[in-house]
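# Whatever this is, show me its structure:
(4 chains)
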Number of protein chains: 2
Amino acid sequence: MTNKHKSSYAISKQLLQRLPLYLNFLKNYADKDGYVSAPMIASAMRLNEVQVRKDLAAVSSTGGKPKTGFATEQLIRDIEKFLGYDNVDEAVIAGAGRLGSALLAYSRFSEYGLKILMGFESDEKLIGTEIAGKQILSIDKLPDVCKRLNIHIGIITVPAESAQEVCDKMIAGGIQAIWNFAPIHLNVPDHVLVQNQDMAASLAILSKHLREKLEKKEEV
Amino acid sequence: MTNKHKSSYAISKQLLQRLPLYLNFLKNYADKDGYVSAPMIASAMRLNEVQVRKDLAAVSSTGGKPKTGFATEQLIRDIEKFLGYDNVDEAVIAGAGRLGSALLAYSRFSEYGLKILMGFESDEKLIGTEIAGKQILSIDKLPDVCKRLNIHIGIITVPAESAQEVCDKMIAGGIQAIWNFAPIHLNVPDHVLVQNQDMAASLAILSKHLREKLEKKEEV
DNA sequence: CGCTATATGATAAATATTTCACATAATAAT
DNA sequence: ATTATTATGTGAAATATTTATCATATAGCG
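Numbering: from 1, shown residues only, chains lettered A, B, ... in the order given. Predicted coordinates for the structure are as follows:
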């Protein structure tokens, strides 16, 4: 057995980012005779074969069989378990604009063990309404509600101007991890985790990569 | 001068991901007397001081002044230039559901040198309508339109089931880079760049980090 | 039943990225 | 002016991550 002390190993961030991709691939892997091999996955996903093998070794509970590979279904379960998709985590959203609504309505979160319970807004017209069956409450209630329900994940989809203010409210409510869509740097105490998700920046990175690739082509 | 051969240096992906964060920070940096220093940024953003210094050195056209730092406005311009926010790139979206609409309406893309021209849909009810002033056309027209307008960035916000099909249409239309929100692995030829953006997975990663942190706290 | 092809798992090498440590430059205060 | 302080920039060390190599195992086939 390879992974006795799994939890004490440091899991690299990159691995963590690859695992969902494996999961997507495996779930849509059609010609499954029940097994997949690392070289197989590697070539389909254009990754290094050894890397895939190591990644799988890090999460697989059973290991693979030489010449055969890994049992697909088991592997999917192992990755899901590893990523904690079996624990349900509860989250709230601040900001019920277009992006906030999209996230509130995004049903796939549940597959990942995540449940967005409700939204918070400052816009009077939205308070009291429902989006995708989820209540929209006044932003002022955020700290109390989070505290009472013991929610520790917050999603910020408000405009940059009010993001810090909302962030402070979340922290007051005991939120421990924030997924921040506002294009602004948030100041938080040490114990709070922030993951930034600036959409515009992500797209910009893509276009930057593209431009580089085109330039390289010209050079040759 | 430090960066004579800037363009021939390999820019690390991590740097590319940090630059937009610097930009956000700098743009909202209030008590600007006109200058910022690397140690300053580092402590505010909780990064290593040397890393910030190296990052800035890689993009700054003028360099910094000892004891003073970098001219804030110039630095902002340098980062924007470096990221290509001055070149306008055009893109299209396939899928005008909630997420697609949110992106179509997201005005900040323009600040990043990105322009989303229109959306494509298969849903008859949406075809012919406008979202945020942008036309929604039939998905069947995608290849032609892209080819004719010479657009090379495509954004996929359709359900996983139809993502590959849409992807193929984009490739047929000469799209070179794809920003994929569908939770599925896309098969593309070598020359096409795919950046995956599985929202659910991103949030899952956040919650995984959080759980690890909580576990570590328990161990101690 | 042995041979071949292919996959795993592990150790080692190569890369990439981050951090440290120090030499140098410029500001501000005595 | 001289000195203390603080920032830059850079080469070297330390880490982290990816890739290469190889020994071992097993399924399938003659």
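
# Tell me, please, where in chain A the pLDDT is lower than the cut-off.
A:1-10, A:31-32, A:216-220 (pLDDT under 70).

# so where do the strands sit in it?
Secondary structure of chain A (DSSP state E): strands at A:35-36, A:70-71, A:89-94, A:114-121, A:130-131, A:134-138, A:153-156, A:177-180, A:193-196.

# so which of those gets nearest DNA strand D?
strand A:35-36 (9.4 Å; Cβ to the nearest atom of the strand). For the C-beta atoms, the positions are set from N, CA and C on the backbone; glycine is no exception.

# Given the closest one, what are its sheet partners and their directions?
Strand A:35-36 pairs in its sheet with strand A:70-71 (antiparallel), by DSSP bridges.

# ok, residues contacting the partner strand?
A:Gly34, A:Tyr35, A:Val36, A:Ser37, A:Ala38, A:Leu56, A:Ser60, A:Thr62, A:Gly63, A:Gly64 (Cβ atoms under 8 Å, 6 or more residues apart in numbering or on different chains).

# One more pass at 7 Å, please.
A:Gly34, A:Tyr35, A:Val36, A:Leu56, A:Ser60, A:Thr62, A:Gly64 (Cβ atoms under 7 Å, 6 or more residues apart in numbering or on different chains).

# which among these end up buried?
Among these, the ones that count as buried by 16 or more other Cβ atoms under 10 Å in any protein chain shown are A:Tyr35, A:Val36, A:Leu56, A:Ser60, A:Gly64.

# Wait, the first one touches A:Thr68, no?
In this case it means A:Tyr35. Yes: contact status for A:Tyr35 versus A:Thr68: in contact at 5.3 Å, counting by Cβ atoms under 7 Å.

# what residues do these two have in common as contacts?
With Cβ under 7 Å, 6+ apart, A:Tyr35 and A:Thr68 have no common neighbours.

# quick one: which of the buried ones among the contacts of strand A:70-71 is nearest A:Ala200?
A:Leu56 (34.7 Å; Cβ to Cβ).

# distance of that closest one from B:Ser107?
According to Cβ to Cβ, to the nearest Å, A:Leu56 and B:Ser107 sit 43 Å apart.

# Next: A:Tyr112.
From A:Tyr112 to B:Ser107 the distance is 29 Å (Cβ to Cβ).

# More neighbours: which of these two?
The neighbour comparison of A:Tyr112 against B:Ser107 (other Cβ atoms under 10 Å in any protein chain shown) goes to A:Tyr112, with 26 against 8.

# For the more buried one, give me its contacts.
Per Cβ under 7 Å, 6+ apart, neighbours of A:Tyr112: A:Tyr85, B:Ala200, B:Ala201, B:Leu203, B:Ala204.

# among those residues, which two are most distant?
A:Tyr85 and B:Leu203 (11.1 Å).

# Who has more neighbours out of the two?
It is B:Leu203, of A:Tyr85 and B:Leu203, that has more neighbours when counted by other Cβ under 10 Å, with 26 against 23.

# Help me confirm that that one comes into contact with A:Phe109.
Yes: contact criterion Cβ under 7 Å: B:Leu203 and A:Phe109 qualify, at 6.4 Å.

# picking up where we left off before, now tabulate the strands of chain A in TSV and tack on distance to DNA strand C.
Below are the strands of chain A laid out as TSV (distance: least, Cβ to the nearest atom of the strand, whole Å):
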stretch	distance to DNA strand C
strand A:35-36	7
strand A:70-71	6
strand A:89-94	27
strand A:114-121	27
strand A:130-131	37
strand A:134-138	37
strand A:153-156	24
strand A:177-180	19
strand A:193-196	15
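
# and among the ones you listed, the most buried is which?
Highest mean neighbour count among the strands of chain A (mean count of other Cβ atoms under 10 Å in any protein chain shown): strand A:153-156, with a mean of 26.

# do that strand and chain B meet at all?
Yes: using Cβ under 7 Å from any Cβ of the partner chain, strand A:153-156 reaches chain B at A:Ile153.

# Contacts for that strand, please.
Applying Cβ under 7 Å, 6+ apart, the set of residues contacting strand A:153-156 is A:89-95, A:103, A:163, A:166-167, A:170, A:175, A:177-182, B:206-207, B:210.

# How far does it sit from its chain's centre?
12 Å (Cα atoms, centre = their mean, to the nearest Å).

# now stretch A:150-161
15 Å.

# Same check on stretch A:118-132?
Distance of stretch A:118-132 from the chain centroid (Cα atoms, centre = their mean) equals 24 Å.

# List the contacts of A:Val158.
A:Ala94, A:Gly95, A:Val166, A:Ala182.

# Looking at those residues, which one is closest to DNA strand D?
A:Ala182 (26.4 Å).

# Now the closest one. Nearest residue, chain neighbours left out?
In space, and not counting its chain neighbours, A:Ala182 is closest to A:Ala163: 3.6 Å by Cβ to Cβ, 6 or more residues apart in numbering or on different chains.

# Buried residues of stretch A:73-90, list them for me.
A:Leu75, A:Ile76, A:Asp78, A:Ile79, A:Glu80, A:Phe82, A:Leu83, A:Gly84, A:Tyr85, A:Asp89, A:Glu90.

# which ones are touching the fifth one?
Contacts for A:Glu80 were tallied using Cβ under 7 Å, 6+ apart; they are A:Leu23, A:Asp86.

# So which bits of chain A are right by DNA strand C?
Applying Cβ under 7 Å from any atom of the strand, we find that chain A lies next to DNA strand C at A:2, A:37-40, A:50, A:53-54, A:56-57, A:60, A:63-70.

# rerun at 6 Å
Chain A comes close to DNA strand C at residues A:2, A:37-39, A:50, A:53, A:57, A:63-64, A:66-67, A:69-70, as judged by Cβ under 6 Å from any atom of the strand.

# top of those residues by neighbour count?
A:Phe70 (25 neighbours).

# what are the bridge partners for it, then?
Beta bridges link A:Phe70 to A:Val36, judged by DSSP bridges.

# Distance check, it against A:Ala57.
For A:Phe70 relative to A:Ala57 (Cβ to Cβ), the value is 10 Å.
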